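# Need the 3D shape of this:
(one chain, ligands or ions: 1)
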Amino acid sequence: MVKAVTVYEYIMERLREEGALHFTLIDPDPSKINADIAEDMAKSAEDSGSAAIMIGGSIGVCEKFLDDIIDAIKRVVKIPVILFPGNISGISRKADAIFFMSLLNSEDLYFVIGAQVLGAPIVKMYGLEAIPMGYIIIEPGEAAGFIGRARPIPINHPEIASAFALAAQYLGMKFVYLERGSGAREAIPAEFVRRVTKVVDIPVIVGGGIRDGKTAKELVKAGASIIVTGTVVEESKDKLKEIVNGIKEGGLFKRGVR
Ligand code: 1GP
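Got it, this is the predicted structure:
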């Protein structure tokens, strides 16, 4: 039974109990969704076993629209809504928490610390729970990599990602996120993830290009704590269920139950 007070505690308690979790990412892009669609996606996510809704995107995010979308989502689900901002326009007072993230491998200081400085007073004013997270973009990086001016980490150099992740841990960040980019043709290989999770003690979040249960399970067995999918919830509820089941199986393996 989860007795957590903060969203961070909720995540950590569920991780201790289940080994690994699934989060659903909803991109609040007005050209793609509206409140009704967001409501359906969030319901599918919760029904399928997602532990949280993340909300954020690279393009076209505005606070008013974000507020409306989160209101709609919170009408239908109980799982927490966590902001996943690409910029300061991605902050909403309606969310339960915010991943207060730095794009560690951006070449542009704005995405490393500039946006955070501009956003911090807003986060405080809204009373949002800030969860510090190191965000690392792996090639190709897709829109997040392009907009965030990342120097994406080459897929054959997991040791660079490990060093970034360790730096995130030493800087006091609570999570590290390995991002291949939404819509990437392939997920980050399990062996790459294993190289990172072997080095750090903080939970590793993996996202981008994950479309089936087998891939999700392998990533969890490689040490990933949270698997994020976005595109799948837009396409098929059955696939989402398959992914969550894969994560559950991987979680049992991680906890030594299987
Ligand atoms: C983006 O990693 C997430 O941050 C989701 O990617 O849309 O490919 O599932 P997908």
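# quick check: mean pLDDT across stretch 96-104?
Stretch 96-104 shows a mean pLDDT of 98.
# is it up against the ligand anywhere?
No. Using C-beta under 6 Å from any ligand atom, stretch 96-104 never reaches the ligand; the gap is at least 10.6 Å. Where you see a C-beta, it was placed from the backbone N, CA and C, and this is true even at glycine.
# what separates that stretch from the chain centre, distance-wise?
Distance of stretch 96-104 from the chain centroid (C-alpha atoms, centre = their mean, to the nearest Å) equals 9 Å.
# Repeat that for stretch 203-217.
11 Å.
# Span of it from start to end?
End-to-end distance for stretch 203-217: 16 Å, by C-alpha to C-alpha, to the nearest Å.
# Which positions in that stretch come out as buried?
The neighbour-count check on stretch 203-217 (16 or more other C-beta atoms under 10 Å) flags 203-211, 213, 215-217 as buried.
# biggest helix in this protein by residues?
helix 237-254 (DSSP state H).
# Which neighbouring elements make contact with that one?
strand 21-26, helix 35-48, helix 213-221, strand 226-229, helix 231-235 (3 or more C-beta pairs under 8 Å, 6 or more residues apart in numbering; DSSP states H and E).
# Help me confirm that Lys32 is found in a helix?
No. Going by DSSP: H, G, I helix; E, B strand; the rest coil, the assignment for Lys32 is coil, not a helix.
# Give me the buried positions along stretch 144-151.
Buried-residue list, stretch 144-151, by 16+ other C-beta under 10 Å: 144-145, 147-150.
# pLDDT weak spots in the protein?
Along the chain, the parts satisfying pLDDT under 70 run over 1-3, 258.
# mind running it again at 90?
1-4, 32, 60-61, 233-237, 254-258 (pLDDT under 90).
# Residue of it closest to the ligand, please.
Taking C-beta to the nearest ligand atom, the ligand has its nearest neighbour within the chain at Gly207, 2.5 Å off.
# quick one, strands of the chain?
Assigned by DSSP state E, the strands in the chain fall at 21-26, 52-55, 81-83, 97-103, 129-137, 175-179, 204-207, 226-229.
# Save the helices and strands packed on helix 237-254 as JSON lines, and put in distance to the ligand too.
What follows is the helices and strands packed on helix 237-254, written out as JSON lines (distance: least, C-beta to the nearest ligand atom, whole Å):
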{"stretch": "strand 21-26", "distance to the ligand": "5"}
{"stretch": "helix 35-48", "distance to the ligand": "12"}
{"stretch": "helix 213-221", "distance to the ligand": "11"}
{"stretch": "strand 226-229", "distance to the ligand": "4"}
{"stretch": "helix 231-235", "distance to the ligand": "4"}
